[in-house]
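Student: just to be clear, the model below is a prediction. Sequence and coordinates:
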Amino acid sequence: MPKIIKKKAVKKMTMQDEDVKSVARQTVEALKKKQQQVMIGVAAIVGIFALFFISSIYSSSQYKKAYSIETEARQYYYGEIEDDSLSQEDRWKKAVELYQEAVDTKATPTALFYLGNSYFNLGDYQNAISQYKIFTKKFGGDKAILPLVYQKLASAYFRAEQNDDALNALKSLGKVNSGIFKDTALAMEARHLDSTGASDKALEKYHELIAAFPVSPWTVEANSKISAAEAENTAAEKGNEETASESAEGKTAEGQKAEEPKSE
């Protein structure tokens, strides 16, 4: 008989109870850790949304409060408050106080602009300049009010005799909205030059204005100034010619008198 070969029994690897407990414990800990991470992430997202929501409510509340103060300030600025005991200067001072409070609560373009205007009206040009400059930095993208701010800024600089800064402000005005306010900048610069006695340079600016902006609202003023200057030059030339003619006639008369023979 052939010899029967007995197969060796393969020992199966078995996990001891302690090993099973260890794996189970690791799995539970991993799940707990993952669960904690998810909870932390969810809590962070909820916190961000809550912060945004609270911030929105606070911002809205501050805006409403600032708007209310600004509305009252505007009434003093335009003299809509019926109080005969207040002079115009007193109203502007009150406007300064209220506009400053509005800006401190929630700065808006209109509040900053009118705060600067109130200082300007009081003759406090340095404070006016400060507010206008804050506007250009904080609300430089507000193309509706920005041109007015640059005009007032330039005027305040001129009043404070800071002419170089004023001219720089006018250059900035000329660049707003692709240069559509350059005619205003040229007109203001021409007026300044004319006021300082630099009439020739002022006329150059008026000519530049007419050439670049023939239908500008400032064209009438420019044409008037140019016509007045031409008329003045014509009169001066005519006066010079008459003077020269009279001088020549005088010399001729003197010559004829000198040639007359003396009577014996």
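Tutor: Good, I have the coordinates.

Student: for stretch 72-89, buried residues please.
Tutor: 72-74, 76-77 (16 or more other CB atoms under 10 Å). Using the backbone N, CA and C atoms, a C-beta is placed for each residue, glycine as well.

Student: whoops, I mixed them up, stretch 200-219
Tutor: Quick answer for stretch 200-219 (16+ other CB under 10 Å): 202-203, 205-206, 208-210, 213, 216, 218-219.

Student: ok so, going back, farthest pair within the buried residues of stretch 72-89?
Tutor: Spatial extent of these (CB to CB) is set by the pair Glu72 and Tyr77 at 9.8 Å.

Student: joint contacts of those two?
Tutor: Overlap between the contact sets of Glu72 and Tyr77, as judged by CB atoms under 8 Å, 6 or more residues apart in numbering, is nil.

Student: what about Ala107, neighbour count?
Tutor: The number of residues packed near Ala107 is 15, by other CB atoms under 10 Å.

Student: ok, Ala229 - how many residues close by?
Tutor: Count around Ala229 with other CB under 10 Å applied: 16.

Student: in space, what's closest to it - neighbours in sequence excluded?
Tutor: Leu203 (5.7 Å; CB to CB, 6 or more residues apart in numbering).

Student: tell me the phi and psi of Glu80?
Tutor: Dihedral pair for Glu80: phi -80, psi -10, per degrees, to the nearest 10.

Student: just give the nearest non-adjacent residue to it, would you?
Tutor: For Glu80, ignoring the flanking residues on the chain, the nearest one in space by CB to CB, 6+ apart is Arg74 at 7.7 Å.

Student: can you tell me the helix or strand for the one you found?
Tutor: Secondary structure assigned from DSSP states H and E places Arg74 in helix 17-77.

Student: next secondary structure element downstream of that helix?
Tutor: helix 88-105.

Student: just to revisit the earlier point, among the buried residues of stretch 200-219, which ones are in helices?
Tutor: In helices, judged by DSSP state H, the following of these are found: 202-203, 205-206, 208-210, 219.

Student: these into a markdown table, with extra columns for distance to Asn240?
Tutor: Output for those, formatted as a markdown table (distance: CB to CB, whole Å):
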| residue | distance to Asn240 |
| --- | --- |
| Ala202 | 23 |
| Leu203 | 20 |
| Lys205 | 27 |
| Tyr206 | 25 |
| Glu208 | 29 |
| Leu209 | 30 |
| Ile210 | 28 |
| Thr219 | 31 |
